[in-house]
Every structure is written in C-alpha cells, then in structure tokens.
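Asker: got a sequence here, can you model it:
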Amino acid sequence: MPESTPENHVIDFRAAEQLLAARDPRGAVKLLDSVIAAHPENTAARLLRARAFFASAQLRGAELEFSLVLEREPDNAFAHFALARTFERANRPEQARRHFRLAAALDPQPEYLRAARFEEATGPQ
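Answerer: Coordinates of the predicted model:
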C-alpha cells in the first residue's frame, strides 16, 4: 500500500474528481476516504465526497457531508443547492425548499431561482 503523504492525497483527490466525472462515484468515495481521514478539515474533499455519495444514491452520506460543508461555509450556495437536491431525492420537501431558497438568496443564478420557486410563496396577485 502506498505511503500516506500530502502528495498522495492530492493525487487521490484529483483521481476522485476524474472517477466522479467518469461516473464511478463509489470509486471516488473510496479514494476520498483516506484523504478525509488525513485532512478532516478539507472542505473541498468533503464537498467532492458529498457529490460522489449523491451520485451513488447514498443519500445519508451526502446529507452528512453537505451539512458538514455548510457548518464551515454557511454561505456556500452550491452546498445549499446540493443538500436541497439530496432532501428532494429523499422525499423531504420542506427541508429541500428551505435550502433551495437559501441557495437562490446567496447566488441568484437561474437554476437556483427555478428550484426555489419563490413565486409559489407569494401566490397569485
């Protein structure tokens, strides 16, 4: 087994990115486990692992990782959006709506605004 060094962790992180892009999220999670074990404070690794959990339908793992990212970076619009998608997929619409709206408020890009469905909150005029 290769020695655990910072260089190897960078290599594993980059390889995990490639695995996720190649639609092998479980392989990405395996690589990121050692990176996060060595660097539990690394938000980028946690965010990547959350995405891999989500892509492999491991919703509890995705929820945990996205939540940890948001504890450290409460203004991370992508993490709010991704956590909302996780809640949506887990059939938890109220929690999803809250995070969709936070994402849209933090970064009003079209995808976030559509998901937030602010027009439903105001009702017909």
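
Asker: helices of this structure, residue ranges please.
Answerer: 6-21, 25-38, 43-55, 59-72, 77-89, 93-106, 110-116, 118-122 (DSSP state H).

Asker: can I get the ones you listed in TSV including mean neighbour count?
Answerer: All C-beta atoms are positioned from the backbone trio N, CA, C, and that covers glycine. As requested, these are exported to TSV (neighbours: other C-beta atoms under 10 Å):
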stretch	mean neighbour count
helix 6-21	16
helix 25-38	19
helix 43-55	22
helix 59-72	19
helix 77-89	22
helix 93-106	18
helix 110-116	16
helix 118-122	10
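
Asker: worst mean pLDDT among these?
Answerer: Among these, helix 118-122 carries the lowest mean pLDDT, at a mean of 68.

Asker: ok, now which ones touch residue 97?
Answerer: By C-beta atoms under 8 Å, 6 or more residues apart in numbering, residue 97 lies in contact with 84, 116, 117.
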